[in-house]
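Asks: Can you look at this prediction? I've put the sequence above it.
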Amino acid sequence: MRLLFVCERLPWPADGGPAVRTLAQLRGLAERGHELEVAAFAAPESPPLPPPEKLAVRATTVDSPGEGTAGDWLRSSGGSELPWGVRQRASAAMRSAVAERSQGVDAVVAVKLPMAQYLESVAGPLRVYDALDVESLALAQIARLGGGGLARVHAVREVAAVERYERRLAKLADVVTAVTDADAAALGALAPGLPIRAVPIGLDASEYRSLWQRGTPELAFFGDLGWRPNSDAAIHLCQDVVPLLPVRPRVTIAGRRPGGDVRRLAGPGVEVTGAVPAMDAVLAGDTVTVAPLRAGTGMRVKLLEAMAWGLPSVTSTIGCAGIDHGGALVVADGAEQTAAAIAALLPDDDRRAALGRAGRELVATRYGYRESAAGLLAAIEAGQADASASRR
């Protein structure tokens, strides 16, 4: 089978949820002998990186249209019914590339909502939209977080436009893949009748070395801090949870795009690293990862990665959505429950070690890259069968 993936960026290096998911699926599909291509944006000033060794995939890149500023959004927010994220990724060059490269392929997979617009350039192959989350629902959650700031203003103003666009998916795509059953149900309510399948995110567990070592336990939160649910979780951890602990451990907040509100968390006992060359180097040791998310849909790649690294993790119900963890994660909601869970875990070396082992085993057996690729392939084959039946 020939497959074309349309992405905002090349999925290598795998430095975020969309890249982790797509690269894992490419690896699994390549092992099965499928012919693969990726069409993605690339910065004009930076030559695109070659694909990872032993991954047979052809890459086509076009110059990125860039990302507008907050001021650009504010000035243009009333000028179009399309969501800002979709408008920012509009590119005649990408439309031409997708139209050309989709000739003769069996399916085109558009990854994330801004890239769904390019399914309009596809004629013939099965059109698949890979939803990393339900963006309208995530924006509604962000709007409910309260507080000021441009992120909340953006969420309040954009949620209706994003919801309208997600309702258009029934015209843009033949099949949708979501990462959790809850996301599949939410998208199904927006676009009734559109075939939607849940395909969990997967990792190549062999690429994650065990990081946990018995010592003095510390806390860490990591992820893209430019994403509002992540920045809110980091602030919630430092300002609401940690002060409730009887003994305050050292806290590390690691990840790219920290805003001023996150950078201001830095101080005695709290380090804000910003982007780092290798996250495993930051997390190695007796680290407990904490992800007290209060908003966001989809699956938390950060939790799958923490478990693959053998690190014990405390998270919220929203944080572990879609992960059938069987007790490999500690789940607590609200500042008091989260603090109590952390306080019980910090002095218990054996439990931290056991959680780390259970997490590694879970990722290796249930959330591997082969399983994710097989799920995508099953969704494509089912879509092709439905299309064939409708033509009879």
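Replies: Done, it's in. What you see is a predicted model, and the numbers here were worked out from it, not measured in a lab.
Asks: Tell me who's in contact with His236.
Replies: His236 makes contact with 292, 294, 335, according to Cβ atoms under 8 Å, 6 or more residues apart in numbering. Glycine gets a C-beta too; all of them are placed from N, C-alpha and C.
Asks: Verify the contact between the first one and Ser316 for me.
Replies: Yes. Using Cβ atoms under 8 Å, Pro292 and Ser316 qualify as a contacting pair, with a distance of 5.2 Å.
Asks: Between these two, point out the one with more neighbours.
Replies: Pro292 (27 against 23; other Cβ atoms under 10 Å).
Asks: Could you measure from that one over to Val162?
Replies: Look at Pro292 and Val162: by Cβ to Cβ, to the nearest Å, they are 25 Å apart.
Asks: Same check on Pro249?
Replies: The value you get for Pro249 to Val162, if Cβ to Cβ is used, is 38 Å.
Asks: chain center to the helix or strand harbouring Leu137: distance?
Replies: Per DSSP states H and E: Leu137 is located in helix 135-144. Chain-centre distance of helix 135-144: 15 Å, with Cα atoms, centre = their mean, to the nearest Å.
Asks: likewise stretch 111-129?
Replies: 19 Å.
Asks: go on, stretch 330-344?
Replies: 24 Å.
Asks: C-alpha coordinates for it, PDB please?
Replies: Below are the C-alpha coordinates for stretch 330-344, written out as PDB (Å, rounded to 0.1, in the frame of the first residue of the first chain):
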ATOM      1  CA  VAL A 330      -1.000   7.300  40.300                       C
ATOM      2  CA  VAL A 331      -4.200   9.300  39.600                       C
ATOM      3  CA  ALA A 332      -5.300  12.200  41.700                       C
ATOM      4  CA  ASP A 333      -7.400  15.300  41.000                       C
ATOM      5  CA  GLY A 334      -7.200  18.700  42.700                       C
ATOM      6  CA  ALA A 335      -4.300  20.200  44.700                       C
ATOM      7  CA  GLU A 336      -5.000  18.400  48.000                       C
ATOM      8  CA  GLN A 337      -5.400  14.900  46.500                       C
ATOM      9  CA  THR A 338      -2.400  15.400  44.200                       C
ATOM     10  CA  ALA A 339      -0.200  16.600  47.100                       C
ATOM     11  CA  ALA A 340      -1.400  13.700  49.300                       C
ATOM     12  CA  ALA A 341      -0.500  11.200  46.500                       C
ATOM     13  CA  ILE A 342       2.900  12.800  46.100                       C
ATOM     14  CA  ALA A 343       3.500  12.900  49.800                       C
ATOM     15  CA  ALA A 344       2.700   9.200  50.100                       C
END
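Asks: Just the buried residues of that stretch, please?
Replies: 330-333, 335, 338-339, 341-342 (16 or more other Cβ atoms under 10 Å).
Asks: same question, stretch 1-8
Replies: So for stretch 1-8, counting by 16+ other Cβ under 10 Å, buried means 3-8.
Asks: Can you tell me which of the residues you listed is nearest Leu49?
Replies: Cys7 (13.4 Å; Cβ to Cβ).
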